[in-house]
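**Student:** The following block contains a protein sequence and its predicted model.
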Amino acid sequence: MSELSGDSVSLDVETIYLGGKEHIIRTGSGSISVIVYGDPEKPALVTYPDLALNHMSCFQGLFFCPDAAALLLHNFCVYHISPPGHELGAAAVCASDPVPSVDDLADQILEVLNYFRLGTVMCMGVMAGAYILALFAMKYRDRVIGLILVSPLCKAPSWTEWICNKVMSNLLYYYGMSGLLKDCLLYRYFSKNVRGGADFQESDIVQACRRLLDERQSTNVQRFLQAIDRRPDITGGLKKLRCRTLVFVGDESPFHSEALHMATNLDRRYSALVEVQACGSMVTEEQPHALLIPMEYFLLGYGLHKPSKFNGSPRSPLSPTCIAPELLSPESMGLKLKPIKTRISSQR
């Protein structure tokens with residue numbers, strides 16, 4: 001059934017993802033898909049994936065990890081936002097539509113929050129999605145209570161990334177979602193250990209991701225790539241963020257140095273860095289268990305906790321007024337500002 005609200009249109013369609021519902025919301029920069037799962041009376045967790053991904057290919061591993069699912073789904077109503085045209089079954093975006101900028105994509109998040117009448121939210125993003133959410137938090141500081149960023153981008157593209165983006169853009173334009181293009185994306189997402197090689201096969205998560213990439217419309221992926229390729233450096237605004245921030249990065253991520261740069265420029269009183277060993281960029285899929293303990297300590301600062309077997313599901317307050325000042329330090333979060341090794345390197 002459709003719901004009408006001002007300039008927004010929401011079409012509720014049952015999805016296979018944990019029983020959630022899809023809402024197609026018309027914004028000033030085009031329509032986007034939002035998958036909603038959980039009790040809307042609970043605090044909101046907004047997620048945003050990386051290039052060519054959606055909630056199924058970027059966050060499924062995390063939410064299918066029993067302990068992580070218990071922590072997150074117990075405390076939050078989850079709003080999975082997909083980049084324009086990246087949702088399951090999306091048609092190609094009209095070629096005459098203007099390519100949105102990263103500011104446009106951040107403004108879309110505000111429109112989503114307003115549509116669902118959400119106040120302050122927790123945000124979780126991966127790579128390009130982490131950049132969009134960090135930019136959103138800078139533009140609309142009173143709407144974000146916390147950031148969980150996985151292998152985040154924050155600077156303008158380096159020469160290496162710029163060249164890689166140009167190669168991917170040309171592959172998308174001339175060949176669509178070709179095997180070579182998918183190899184470039186998988187290099188962006190995963191460590192060598194799971195991507196496979198001459199001596200061993202791709203892991204199941206990489207094979208599953210490769211299949212899901214087949215469903216993307218190449219023109220839609222190219223539009224998001226163009227937006228990310230034109231992104232400005234947001235380093236200067238990082239220390240002005242009012243919310244606590246938890247940064248994860250795989251030590252084999254192509255964006256490892258950029259994530260360290262971001263962590264260095266965040267206010268150290270309210271931020272912490274976790275380096276995941278023997279892992280690529282997409283920690284949410286490759287090593288989702290590595291996120292659990294740091295997230296538990298991080299969320300404890302908001303009065304949020306993992307459920308016990310016998311407790312019901314509380315309405316957990318998500319407000320800075322309920323945070324004791326001593327809980328705002330990294331030490332009280334159980335985290336160190338230097339990288340935390342979460343796994344011993346495997347033998348290569």
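**Tutor:** Received, thanks. Residues are numbered from 1 along each chain as shown.

**Student:** C-alpha only now, for contacts and for neighbours.
**Tutor:** Will do.

**Student:** Flag every buried residue along the longest helix anywhere in the chain.
**Tutor:** Longest helix in the chain, counting residues (DSSP state H): helix 159-175. Neighbour counts over helix 159-175 (16 or more other CA atoms under 10 Å) mark 165, 168-169, 171-172 as buried.

**Student:** Ok, stretch 285-300 next?
**Tutor:** By neighbour count with 16+ other CA under 10 Å, stretch 285-300 contains the buried residues 285-292, 294-300.

**Student:** Which neighbours in the sheet does the helix or strand where Ile25 lies have, and how are they oriented?
**Tutor:** Taking DSSP states H and E as the criterion, the element that holds Ile25 is strand 21-27. As defined by DSSP bridges, the strand partners of strand 21-27 come to strand 13-14 (antiparallel), strand 30-37 (antiparallel).

**Student:** Check the spacing between the residue lying closest to Pro157 once chain neighbours are set aside and His80 real quick.
**Tutor:** Once flanking residues are discounted, Pro157 sits nearest to Asp229: 6.4 Å by CA to CA, 6 or more residues apart in numbering. As for Asp229, its distance to His80 is 23 Å (criterion: CA to CA, to the nearest Å).

**Student:** Of these two, which one has the most company?
**Tutor:** Shown here are Asp229 and His80; by other CA atoms under 10 Å, His80 has more neighbours (24 against 20).

**Student:** thought Leu172 was touching Leu181?
**Tutor:** Yes - applying CA atoms under 8 Å, one finds Leu172 in contact with Leu181, separated by 7.2 Å.

**Student:** For the residue nearest to Pro157, list the residues it contacts.
**Tutor:** If a contact means CA atoms under 8 Å, 6 or more residues apart in numbering, then Asp229 has 156-157, 162, 165 as its contacts.

**Student:** do Val102 as well
**Tutor:** Val102 is in contact with 132, 227-228, 230-231, counting by CA under 8 Å, 6+ apart.

**Student:** Tell me which of the residues you listed fall in helices.
**Tutor:** Judged by DSSP H, helices contain the following of these: 132, 227-228.

**Student:** what stretches of the chain score poorly on pLDDT?
**Tutor:** Counting by pLDDT under 70, the chain has low-confidence residues at 1-19, 308-348.

**Student:** Helix or strand: which one has the most centrally placed residue in the chain?
**Tutor:** The residue lying closest to the centre of the chain (CA atoms, centre = their mean) is Gly125, at 2.0 Å. In this structure, Gly125 sits in strand 121-126 according to DSSP H and E.

**Student:** Kindly export that strand (C-alpha atoms) in CSV.
**Tutor:** Provided in CSV are the C-alpha atoms of strand 121-126 (Å, rounded to 0.1, in the frame of the first residue of the first chain):
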residue,chain,number,x,y,z
VAL,A,121,20.0,8.7,14.9
MET,A,122,23.0,6.4,15.2
CYS,A,123,24.8,5.9,11.8
MET,A,124,26.8,3.1,10.4
GLY,A,125,28.5,3.4,7.0
VAL,A,126,31.1,1.5,5.0
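
**Student:** Quick one: residues contacting Phe59.
**Tutor:** 49, 284-285.

**Student:** What is the nearest of those residues to Val274?
**Tutor:** Nearest to Val274, judged by CA to CA, of the contacts of Phe59 is Thr284 at 13.1 Å.

**Student:** tell me which element the nearest residue to the closest one once chain neighbours are set aside falls in.
**Tutor:** Using CA to CA, 6+ apart and skipping residues adjacent in sequence, the residue nearest Thr284 is Leu62, 5.1 Å away. Assessed by DSSP H and E, Leu62 sits inside helix 60-63.

**Student:** Now do that helix: distance to the chain's middle.
**Tutor:** 12 Å (CA atoms, centre = their mean, to the nearest Å).

**Student:** what's the answer for stretch 285-299, then?
**Tutor:** The gap between where stretch 285-299 is centred and where its chain is centred comes out at 14 Å by CA atoms, centre = their mean.

**Student:** Go through the contacts of Val102 and give me the one with the most neighbours.
**Tutor:** Among those, Ile132 has the most neighbours (other CA under 10 Å), with 28 neighbours.

**Student:** Bridged to Cys123, which residues?
**Tutor:** Counting by DSSP bridges, Cys123 forms beta bridges with Val46, Leu147.

**Student:** about what we covered before: of all the contacts of Val102, which comes closest to Gly30?
**Tutor:** Using CA to CA, those come closest to Gly30 at Ala227, 14.1 Å.
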